[in-house]
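In: here is my input; please provide its structure:
(2 chains)
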Protein chains: 2
Amino acid sequence: MADPLTDSEQLAWRTFIESSWALHTHLEDELRAQTGLSMNDYHVMVVLSEAPDRRLRMGELAKSLVFSPSRITYQISSMVKRGLVSKQPCPEDGRGQEAVLTDEGMAALEAAAPLHLITVRDSFIDHLDPDELAVVHRVFARIRKA
Amino acid sequence: MADPLTDSEQLAWRTFIESSWALHTHLEDELRAQTGLSMNDYHVMVVLSEAPDRRLRMGELAKSLVFSPSRITYQISSMVKRGLVSKQPCPEDGRGQEAVLTDEGMAALEAAAPLHLITVRDSFIDHLDPDELAVVHRVFARIRKA
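Out: Residues are numbered from 1 along each chain as shown, chains lettered A, B, ... in the order given. This is a model prediction of the structure:
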């Protein structure tokens, strides 16, 4: 049996989970309405756009996004169908597969980024002072590793 | 045009959004695997279980969970079908509708709570010290209001 949450843990948890859930829903709804992209699409494109030659092994992409193997496979298949990403054999070993951001994907990301930025600022970043942002950064880096 | 994120804002945002997205997915996957309930089901049941007579107007429930009117309608319809909640006219004015947690819903919540608690502790609460938890509480209370 896990220890029950203390009153302050309970209050903090409830506030965090309900508020962050609503934030995710808001980010997803806004991005879809403005660009037709999901948040998962967007994050895949951001990570690929920063990789050398805009390409990454599927496993590295999954790790970077904290996705399970089945989730990344599903996500990339959906993006391949829409022309945002292509799947190519790894140049080095020919067996593994890499996801590559297409020119169309890069253009979609560049069109979406300034719109998404406004939502991110309005719904999150601009409400935190630098110390709070540093705590959030530290805490969620730790959670992610765990 | 919104100002671009500074490097530290960008790093903190990316860490937060990817890590919290993965946390939500993990919580949802674990809860579904253990109990068949979604996180939305669970939060509706928690809020109703704490209300007088386990009943709340649809609008109050939506507000408490930061849900849109269409999302709460869809969510409650799904729970009514599964017998977890019933919909009844408000006793006071007879026009509005209230969501009521059924005995079956209460039993499902009581069975799920200790399992969900373990996931919440393991994936989040036990990784934060009290000061960090207080910052997270304060920040997400502010975000929610905005």
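In: please make it C-alpha for all contacts and neighbour counts, starting now.
Out: OK.
In: run the chain-centre distance for the particular helix or strand that has A:Ala108 in it.
Out: Taking DSSP states H and E as the definition, one finds A:Ala108 inside helix A:103-123. Its chain's C-alpha centre and that of helix A:103-123 lie 13 Å apart, by Cα atoms, centre = their mean, to the nearest Å.
In: next, the buried residues of the helix or strand just after it.
Out: Tracing the chain C-terminally past helix A:103-123 and defining elements by DSSP H and E, one meets helix A:130-145 next. Going by neighbour count (16 or more other Cα atoms under 10 Å in any protein chain shown), the buried part of helix A:130-145 is A:132-133, A:135-141, A:143-144.
In: can you check stretch A:21-38 too?
Out: In stretch A:21-38, counting by 16+ other Cα under 10 Å, buried: A:21-24, A:27-28, A:30-31, A:35, A:37.
In: cool, and stretch A:71-85?
Out: Quick answer for stretch A:71-85 (16+ other Cα under 10 Å): A:72, A:76, A:79-80, A:84-85.
In: looking at those, which is nearest B:Glu60?
Out: A:Ile72 (37.5 Å; Cα to Cα).
In: tell me the average confidence for the strand or helix carrying the closest one?
Out: Using DSSP H and E, A:Ile72 sits within helix A:69-81. The pLDDT scores in helix A:69-81 average 94.
In: tilt between the lowest-mean-pLDDT helix or strand in chain A and helix A:130-145?
Out: The helix or strand of chain A with the poorest confidence is helix A:58-65; it has a mean of 91 (mean pLDDT, DSSP states H and E). With axes from the mean of the first three to the mean of the last three Cα atoms, to 10 degrees applied, the angle from helix A:58-65 to helix A:130-145 works out at 140 degrees.
In: ok now helix A:58-65, how far from the chain's centre?
Out: That offset, for helix A:58-65, works out to 11 Å (Cα atoms, centre = their mean).
In: does that helix reach chain B?
Out: Yes. Residues of helix A:58-65 contacting chain B under Cα under 8 Å from any Cα of the partner chain: A:Leu65.
In: show me what that helix packs onto, helices and strands only.
Out: helix A:39-50, helix A:69-81, strand A:97-101 (3 or more Cα pairs under 8 Å, 6 or more residues apart in numbering or on different chains; DSSP states H and E).
In: and those: which comes nearest chain B?
Out: When these are compared by Cα to the nearest Cα, helix A:39-50 sits nearest chain B, at 8.2 Å.
In: who's in contact with the closest one?
Out: A:27-28, A:31, A:54-56, A:61, A:64-65, A:75, A:79, A:99-101, A:105-106, A:109 (Cα atoms under 8 Å, 6 or more residues apart in numbering or on different chains).
In: just the buried ones from the residues you listed, in PyMOL syntax?
Out: Remark: buried members of the contacts of helix A:39-50, expressed as a PyMOL selection using 16+ other Cα under 10 Å:
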select buried, chain A and resi 27+28+31+54+55+56+61+65+79+99+100+101+105+106+109
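In: with just CA atoms, put the helix or strand hosting A:Lys87 into PDB.
Out: Per DSSP H and E, A:Lys87 falls inside strand A:85-89. Output of strand A:85-89 as PDB, limited to C-alpha atoms (Å, rounded to 0.1, in the frame of the first residue of the first chain):
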ATOM      1  CA  VAL A  85       7.900  13.000 -42.800                       C
ATOM      2  CA  SER A  86       9.500  10.200 -44.900                       C
ATOM      3  CA  LYS A  87      10.900   6.900 -43.600                       C
ATOM      4  CA  GLN A  88      14.300   5.800 -45.000                       C
ATOM      5  CA  PRO A  89      16.800   3.100 -44.300                       C
END
